[in-house]
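Student: task: produce atomic coordinates for the following.
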Amino acid sequence: MDIGAVTVLVIALIAVAFVFDLINGMHDAANSIATVVSTRVLRPHHAVMWAAFFNFAAYFIFEAHVANTIGRGIVSPQLIDNAVVFGALAGAITWNLITWWGGIPSSSSHALVGGIVGAGVTKAGFGAIVWQGLSKTIYAIALSPLTGFVLGIVLIVLTSWLLLRANPSLADGMFRKLQLVSSALYSLGHGSNDAQKTAGIIAVLLYSNGVYSEFVVPAWVIFSCYAVMGLGTLLGGWRIVHTMGSKITRLTPVQGACAETAGAITLFGATSLGIPVSTTHTITGAIVGVGSARRYSAVRWNVATGIVWAWIVTIPASGCLASLYYWLAASVF
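Tutor: Predicted coordinates for the structure are as follows:
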């Protein structure tokens, strides 16, 4: 294949990666804004603008640890080619669109991980997997919602104790303002973890095509991914906002602030460690935590159970789709 053809193909695959990033932002907008919308602290369109701004602002705060994990810590970068990249992205995009249409808050992160694994294994067998990096992601499937759940309970119990003698209307007004802060913090965490995943895919694509002689995550790639994800969040995903914000449990401003803060703490820690966690899992765990702290029946456990099943099938489903797309791409590229 000549250089011109490679260049056109690389540009086309980068465009596909940006499509995934855009859909990721739309699909996961609910993670950042569901609580602040359901408590009526912000109107939906104001909420997505708020979240989109802080999604992008994360570019100036966090280093590219997660991008490095995605780019070279799931499947060996030496084995990744254009067909693997296309298969991974197309599989993840297809699964995201299916769950987005159904209003199911599945994980865009794990759809991408499943896509990378499915396409990589289809090309080179299970020896292609970097087990150390993949195992971190698998552990995080359980640990991120559990951490959000525990922190949500701790924060709501502590806050309730501190507000025991407070005037209810004054407390409600104060937490309506504080929820703007907690929503901003969660949006920073969301942007920092999710935008870097697409950046990692683009970085390994550039490396595999010889654009860079070693694996690096260029600043322009990170910047572009944050900007595209912010745009996706701005467009919003209203079906999933409804599921996350009101179907699992009814939230007050105090509960919303505690859930978002618990989620933000979890995401900040994961991003610092380079672990590509699911922002959907994290905020769902936190919402269930603050809801169950009030009383067990406050949580609609049938809805929560359905979400968990969506989590379980995401990686294998996107992996199977990616495998199919890989075979199609390998016959063309």
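Student: longest helix in the protein, by number of residues?
Tutor: Of all segments of type helix in the chain, defined using DSSP state H, the longest is helix 168-208.
Student: and it, how far out from the chain middle?
Tutor: How far helix 168-208 lies from its chain's middle: 9 Å, per C-alpha atoms, centre = their mean, to the nearest Å.
Student: cool, and stretch 312-331?
Tutor: Distance of stretch 312-331 from the chain centroid (C-alpha atoms, centre = their mean) equals 19 Å.
Student: same check, this time on stretch 275-282
Tutor: Centroid separation between stretch 275-282 and its chain, computed with C-alpha atoms, centre = their mean, is 6 Å.
Student: got a list of contacts for that stretch?
Tutor: For stretch 275-282, contacts defined as C-beta atoms under 8 Å, 6 or more residues apart in numbering pick out 28, 30-31, 66, 69-70, 105-110, 113, 136-137, 140-141, 143-145, 147-148, 189-190, 193-194, 196-197, 263, 266-267, 270, 311. All C-beta spots, glycine's among them, are computed from the backbone N, C-alpha and C.
Student: L79: neighbour count?
Tutor: 16 (other C-beta atoms under 10 Å).
Student: show me the contact partners of stretch 57-66.
Tutor: For stretch 57-66, using C-beta under 8 Å, 6+ apart, the contacting residues are 187-193, 195-197, 199-200, 217, 222-223, 226, 270-276.
Student: and for stretch 135-150?
Tutor: 69, 73-74, 110, 113, 259, 262-263, 266, 269-270, 274-278, 281-286, 288-289, 311.
Student: show me which of these are buried.
Tutor: Neighbour-count burial (16 or more other C-beta atoms under 10 Å) applied to the contacts of stretch 135-150 gives 69, 73-74, 110, 113, 259, 262-263, 266, 270, 274-278, 281-286, 288-289, 311.
Student: three-state assignment of V211?
Tutor: Secondary structure assignment for V211 (DSSP: H, G, I helix; E, B strand; the rest coil): coil.
Student: for it, give its distance to W220.
Tutor: Using C-beta to C-beta, to the nearest Å, V211 is found at 12 Å from W220.
Student: those two: who's more crowded?
Tutor: Comparing V211 with W220 by neighbour count (other C-beta under 10 Å), the higher total belongs to V211, at 14 against 10.
Student: what about the helices in the stretch 201-333 of the chain?
Tutor: Secondary structure of the stretch 201-333 of the chain (DSSP state H, counting those that start in this stretch): helices at 219-235, 238-242, 253-273, 279-294, 301-330.
Student: right, so the ones you listed: which one is the most enclosed?
Tutor: Among those, helix 279-294 has the highest mean neighbour count (mean count of other C-beta atoms under 10 Å), at a mean of 28.
Student: how far off centre is it?
Tutor: Distance, centroid of helix 279-294 to centroid of chain: 16 Å (C-alpha atoms, centre = their mean).
Student: CA atoms only: put that helix into PDB for me.
Tutor: Provided in PDB are the C-alpha atoms of helix 279-294 (Å, rounded to 0.1, in the frame of the first residue of the first chain):
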ATOM      1  CA  THR A 279     -18.100   6.300  34.500                       C
ATOM      2  CA  THR A 280     -21.600   4.700  34.100                       C
ATOM      3  CA  HIS A 281     -20.800   2.000  36.600                       C
ATOM      4  CA  THR A 282     -19.300   4.500  39.000                       C
ATOM      5  CA  ILE A 283     -22.200   7.000  39.200                       C
ATOM      6  CA  THR A 284     -24.800   4.200  39.200                       C
ATOM      7  CA  GLY A 285     -23.100   2.600  42.200                       C
ATOM      8  CA  ALA A 286     -23.100   6.000  44.000                       C
ATOM      9  CA  ILE A 287     -26.700   6.700  43.200                       C
ATOM     10  CA  VAL A 288     -27.700   3.200  44.500                       C
ATOM     11  CA  GLY A 289     -25.600   3.900  47.600                       C
ATOM     12  CA  VAL A 290     -27.200   7.200  48.600                       C
ATOM     13  CA  GLY A 291     -30.700   5.800  47.800                       C
ATOM     14  CA  SER A 292     -30.200   2.600  49.800                       C
ATOM     15  CA  ALA A 293     -28.900   4.600  52.800                       C
ATOM     16  CA  ARG A 294     -32.300   6.200  53.100                       C
END
